[in-house]
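>>> give me a 3D structure for the following:
(2 chains)
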Amino acid sequence: DTGVSQNPRHKITKRGQNVTFRCDPISEHNRLYWYRQTLGQGPEFLTYFQNEAQLEKSRLLSDRFSAERPKGSFSTLEIQRTEQGDSAMYLCASTLGLADDTDTQYFGPGTRLTVL
Amino acid sequence: ILNVEQSPQSLHVQEGDSTNFTCSFPSSNFYALHWYRWETAKSPEALFVMTLNGDEKKKGRISATLNTKEGYSYLYIKGSQPEDSATYLCAFFSGSARQLTFGSGTQLTVLP
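Next up is the predicted model:
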C-alpha cells in the first residue's frame, strides 16, 4: 500500500504523560499536514511542512505540541504533559505541493488519542 | 475565523433514494472548495476540488455544484447504495487563511 500511513492507530494514555505519533506520507509528496478532529467537528489545521521546513503553525498548537519532519520524509507529532482536552483523532495528510489551494490532500487513517 | 457550515448534520435514506447536502462558506476571497468522503475506520478520500463559479463535477453517481458568489456548494448522490454510507466533508480554501477550513460534515446512512 503506497498511501499515507499513521502509527499507532490508537493510543490511550494517562494525563500528564507524553505521546508521539508518526506519519509516513506518500513518497513523492513534499508537503505534509497535521490536523486534529474532535467529536462532531471537522478536521482542524495544526501545522504543515514543506520538505523538512515547518512553514505554519495554528494557534491551536500550544507549546506542549511539537512536530518535526527531520529528513523531509516521515513526520512526528509529540504532545507533552497530555490533558484530557487533547483527546481527539490526529490526522496526517500529504500533497505534491504544487498549489496550496487545489492540491488534493491524501489522508492517513489517523491516530485516535484518549487521555484518561 | 472562517465559518464553513454543512447541512444537514446527518440523514438516513433508503437504498435507491437520491439525496443532496449543502456546504456554505464565506463568498469573499474564495480560492477553492474541496469535498471528501470519510468512511468509518478508513482515511478521508478526496472526491472533488472545485474552483470556478458554476463548476459542476461528477464521479459515478456523485456530483457537485459550486456557487462562489453566494457561497455554497451542493453534493448530490443519485440512487444511494449502502456503500455510500460515510461522512461527507467540505473544506474551503481562502486567500486569507491559506489553509483548508473544514465543515463538520454530513453523516449519511443508506439503509438496505
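>>> could you use CA atoms for every contact and neighbour count after this?
Noted.
>>> where do the strands sit along chain A?
Assigned by DSSP state E, the strands in chain A fall at A:5-7, A:10-13, A:19-24, A:31-37, A:44-50, A:53-57, A:65-68, A:75-79, A:88-95, A:106-107, A:111-115.
>>> which residues sit against the last one?
Put plainly, it is strand A:111-115. By Cα atoms under 8 Å, 6 or more residues apart in numbering or on different chains, the surrounding residues in contact with strand A:111-115 are A:6-15, A:21, A:82-91.
>>> rewinding a little: dump the strands of chain A into JSON lines; add mean pLDDT as well.
What follows is the strands of chain A, written out as JSON lines (pLDDT from 0 to 100):
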{"stretch": "strand A:5-7", "mean pLDDT": "97"}
{"stretch": "strand A:10-13", "mean pLDDT": "98"}
{"stretch": "strand A:19-24", "mean pLDDT": "98"}
{"stretch": "strand A:31-37", "mean pLDDT": "96"}
{"stretch": "strand A:44-50", "mean pLDDT": "95"}
{"stretch": "strand A:53-57", "mean pLDDT": "90"}
{"stretch": "strand A:65-68", "mean pLDDT": "96"}
{"stretch": "strand A:75-79", "mean pLDDT": "97"}
{"stretch": "strand A:88-95", "mean pLDDT": "97"}
{"stretch": "strand A:106-107", "mean pLDDT": "97"}
{"stretch": "strand A:111-115", "mean pLDDT": "98"}
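>>> would JSON lines of those with distance to B:Ala41 be doable?
Converted to JSON lines, the strands of chain A look like this (distance: least, Cα to Cα, whole Å):
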{"stretch": "strand A:5-7", "distance to B:Ala41": "13"}
{"stretch": "strand A:10-13", "distance to B:Ala41": "11"}
{"stretch": "strand A:19-24", "distance to B:Ala41": "17"}
{"stretch": "strand A:31-37", "distance to B:Ala41": "14"}
{"stretch": "strand A:44-50", "distance to B:Ala41": "19"}
{"stretch": "strand A:53-57", "distance to B:Ala41": "27"}
{"stretch": "strand A:65-68", "distance to B:Ala41": "24"}
{"stretch": "strand A:75-79", "distance to B:Ala41": "21"}
{"stretch": "strand A:88-95", "distance to B:Ala41": "11"}
{"stretch": "strand A:106-107", "distance to B:Ala41": "12"}
{"stretch": "strand A:111-115", "distance to B:Ala41": "10"}
